[in-house]
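Enquirer: Fold the following and give me the result.
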Amino acid sequence: MADKTDSKPRSIAGEVNPATSIAESANGKDSSTAPPHKQSTVSRFFHWHEPGTSREEKKLILKLDWFLLSFSCLTFFIKQLDQNNISNAYVSGMSEELGFGAGNELSWMNTYFSIGTIIGGTFSNLMLTVVRPRFWLTGCLFTWSLFVLFLYKCEHAYQFYILRFFIGLFESAAWPGVMYCLGSWYRKSELARRSGLFVMSGVLGQMFSGYLQSALFTGMHGKGGMSAWRWLFIFDFILGIPVAIYGVFCFPDTPHTTQAFWLTEWEKNRSRERIEEEGRKPVGKMDWSVVRRIFGSWQVYAFTAGYSFWTLTCGSYAIQYFTLYLKSTGWYTVPEINNIPTCIGAVNFVFMISTGYIADKIGNRGPVCFAVGSLLTFCYAVLTAWSVPHDLRMAAFILLGCYGCYTPLLAGWTNEACGGDQQKRAFILGFMVSVGQAVVIPFQQLQLPSGQAPEFKQTHGWPSALAWVLALTIWTGIGIPALQKWRDGKTKVVSSNEFAINNRQLFAEFHLLSWARKDSGMHQTELKACEACKSSKRKCTKQLPRCRRCELRGLHCLYQSQPQMIIYQADESAGTLSRVQQFHGDEQPMEYLQCNMPLAVEAMAVDPQLELQISASDSPSFLSLDDLRSAWFLTPEAWSITPVETSNLTPISSALIQSHLEKTQNWLREWISTGSNPFIHSELYRKGMPDCLNDSFMALSTYFSKTDKTTDMVQRLIETKAEQLVASQTHRECGGDTIEDIGRVQSLLIYCIIRLLDGDIRQRHLAERHLPILHNWTKEMLSNASRATGDDTLLFQNALTKFRPQFTTEPSIPCQVSSEQLLWHAWILSESVRRTWCMSMGVQASYELLKTGSGPCYGGLLVTTRKGVWDAETAFEWTKICAEKSVGFVHRNASEKLMAETKIDEVDVFALALMEIDVGPEKMKRWRQGSEP
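Expert: As a prediction, the model looks like this:
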């Protein structure tokens, strides 16, 4: 059957406003003043949230950015301010006033600071898994601020050394601690940008220290009988105290321990789900096994080596060396010496933003690290040569600012690689800093002492640093990516047998075979409540292998007796079913699991009163082909695609589309866990699923149980299964078996949904290639079903045998199964075709709308909207509902009429979801409240 409405476009704001873009509709703006494609392209490229993020989750992320990220940035700002103030004070009169001369006092101040960092880093981060971060981090901030204040009273070098040691000891909590907390809240795709912004705040702290010292030198020198450099330490203390107070009240700790007043319960739960969906659910505990988990991992060695190479470049001292160089020339004033090196911070600022975004965008940090390392190599080569023009030397110093982007890249990389093991993640982040500072202390003292600045000719400082830059570039750009790929591959090979066994068990447990054997059909007698529910006098859902209550509470679910099953065997000569034997208890074949799942993203409308032509239940009822062919759900009108009347549509926002697609993922989860849903009926695959749907069910089950370590393996499994499905089904002769037609569409639809919404760029690209195939299969399924209605083979003749074996094609030879059962199963098949069509076309249209800002509107089909019809568990129940009231077999064009004539609690959930797309959430809300739409 030709789809006459394929080319009709619908914009993301609805048919009424076809030019509205995703960004505009999300913000409620009128799009008439700007071309939509330009805005949507920009919004897709420079996005702060991942595409498909719901409005509620955006609000959650905004809160995290406001409270979590703001405190993190302020903390690192104060940390860098207090770490670098000693250099600004040194060149602003401190060395002359205290008589330090040309010695290495500044280098020793940095050394003692580093020693404190080495001792405190690892221990401090492990404390975060025991003590609430908002108390530990703010306590450390307050303590080191006190030691900074004490610096203004120092008169001797050894006093500076002692205080700088304790400042380093408590400051060691800041960088790894905050990075640990950021990694506990943000997704992988969000982390690099936030980490970059966090480290960027430290760059601003470095810059601000110079500006503050310059301002104090001009305005506060001599005030209160103190030099300007002493006032610098006092002002730094004053700036730190409000940040500590802010953190005590507003920092949210971690998702699984948070008590933040600004998060709702839903947001707290969603925060935990977000991290668990990333495969980073907290695992492991603080015991002696943590030693094996840490030092038996590749991450601790790979990332510690990378961070150590970075510290050995001494890039973090670039501003200090630049100020010493400017002072050595004698060409610049004290304010200029403090202000000019802030250009390094500006370069750092740019690289923080750009590299973080690029790393998130391409999903790979290796190429970014290699590119930045190449630029650093050029800068250090210029400084190694030294005998170059002054302007080139100045440019090399300033471009050294690109070094800073390595810290968020390596920290984010570590957070991702360590997954959910919070002790390992916390330890490695702290251990990296400790080892990095440990190795840089002797290197800085021997190769880059402040007394030899700025050329370091006698110690060969710049050539040595250049060698470490080359090591850093090769290791982070090539070494770690190759190691990670090799280790992941090794893990997959080692666990492949276990993985296959687990999947076979999973497949056997959740396979919807309905206790079927070859060439036989089975019926399940009603279960009685399990022992646990019976003893506690609670309602039992009577599911196998465990009821819902026992599943949620982790109880042992035991039924008093196994369900009785009656097996029927087809009698081909008579066209009837004959009873063979009964099974009890342990003789029972494979257990059957029920389910629940998604809805579509289309909609419908009302039909004239339709009645079922069913014989009285107490009379002998034999159903002929003509009887079935005349049923209301098999008429030609039941298969007609009708164009949507644009006057019935309201503008639609991207948030609503995103919300529906997000719900779709949850519906897929429900299908796996419960067994039926608004477009896959519990009776549809009673005799067993098509092979292609078996594969997709197994893949989907595995997908939802994947971990961070198995993600690549699961994605590869899904890729393989999807490609095999397309290869095996593309040239299949369609129309012979309607269940097979439905199964292949549902199977490919499942693969497309999970890959389009996965967040992985590769998976999304592969799924997009299959969308045209899904579109064609969906049209073929509907066309074949509609053709089967009008020919002599009867609609779904072969498929009906899967419900009730040996349904005869000869009207003269009746099938002695009740007409109610045959009508019910024929309706299930026909309604499944229509609902699957709505689901498939709706997902395709929704994705196109989100991607481009406009998309096709494929029209609508008649679907059954009466609540309870789809959920009827028996033919008798279904017949009773249909006989008592209208089934609401309607088209989406009549949504308004349906709302006017029907109460919302009388409408099926599938229909409600479709209607919301057309009439909008506001009308649905008013309808729900009982007011006029």
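Enquirer: Where does pLDDT dip in the stretch 701-850 of the chain?
Expert: Along the stretch 701-850 of the chain, segments meeting pLDDT under 70 span 730-736, 788-819.
Enquirer: 90 instead?
Expert: The model of the stretch 701-850 of the chain has pLDDT under 90 over residues 701-743, 753-770, 772, 775-776, 778-832, 834, 838-839, 841-850.
Enquirer: which stretches of it form helices?
Expert: Assigned by DSSP state H, counting those that start in this stretch, the helices in the stretch 701-850 of the chain fall at 711-729, 738-756, 761-790, 797-800, 819-852.
Enquirer: What's the mean pLDDT across stretch 72-80?
Expert: Here stretch 72-80 scores 86 as its mean pLDDT.
Enquirer: So which of the helices of the stretch 701-850 of the chain is nearest Tyr403?
Expert: Of all those, helix 761-790 sits nearest to Tyr403, with 28.3 Å by C-beta to C-beta. C-beta: built from backbone N, CA, C; applies to glycine.
Enquirer: which strands and helices sit next to that closest one?
Expert: Helices and strands touching helix 761-790, by 3 or more C-beta pairs under 8 Å, 6 or more residues apart in numbering; DSSP states H and E, are helix 711-729, helix 738-756, helix 819-852.
Enquirer: Save the ones you listed as a markdown table, and put in mean neighbour count and distance to Met781 too.
Expert: Formatted as a markdown table, the helices and strands packed on helix 761-790 follow (neighbours: other C-beta atoms under 10 Å; distance: least, C-beta to C-beta, whole Å):
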| stretch | mean neighbour count | distance to Met781 |
| --- | --- | --- |
| helix 711-729 | 17 | 11 |
| helix 738-756 | 25 | 4 |
| helix 819-852 | 23 | 6 |
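Enquirer: Now render these as JSON lines, adding distance to Glu336.
Expert: Converted to JSON lines, the helices and strands packed on helix 761-790 look like this (distance: least, C-beta to C-beta, whole Å):
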{"stretch": "helix 711-729", "distance to Glu336": "52"}
{"stretch": "helix 738-756", "distance to Glu336": "56"}
{"stretch": "helix 819-852", "distance to Glu336": "52"}
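Enquirer: Relative to Glu267, which of those is closest?
Expert: helix 819-852 (23.4 Å).
Enquirer: I'd guessed Ala453 sits against Tyr321; true?
Expert: Yes. If you go by C-beta atoms under 8 Å, Ala453 and Tyr321 touch, sitting 6.0 Å apart.
Enquirer: more neighbours, the two?
Expert: Higher neighbour count among Ala453 and Tyr321: Tyr321, with 25 against 22, using other C-beta atoms under 10 Å.
Enquirer: In terms of helices and strands, where is that one?
Expert: Using DSSP states H and E, Tyr321 sits within helix 318-329.
Enquirer: Mind checking what helix or strand follows that helix in sequence?
Expert: Past helix 318-329, the next helix or strand by DSSP H and E is helix 334-339.
Enquirer: which helices and strands sit right next to that following helix?
Expert: helix 188-219, helix 318-329.
Enquirer: Report the buried residues of that helix.
Expert: Across helix 334-339, burial judged by 16 or more other C-beta atoms under 10 Å covers 334-335, 337-339.
Enquirer: what mean pLDDT does whatever helix or strand comes next after it have?
Expert: Next helix or strand after helix 334-339 toward the C-terminus (DSSP H and E): helix 342-362. On average, the pLDDT along helix 342-362 is 79.
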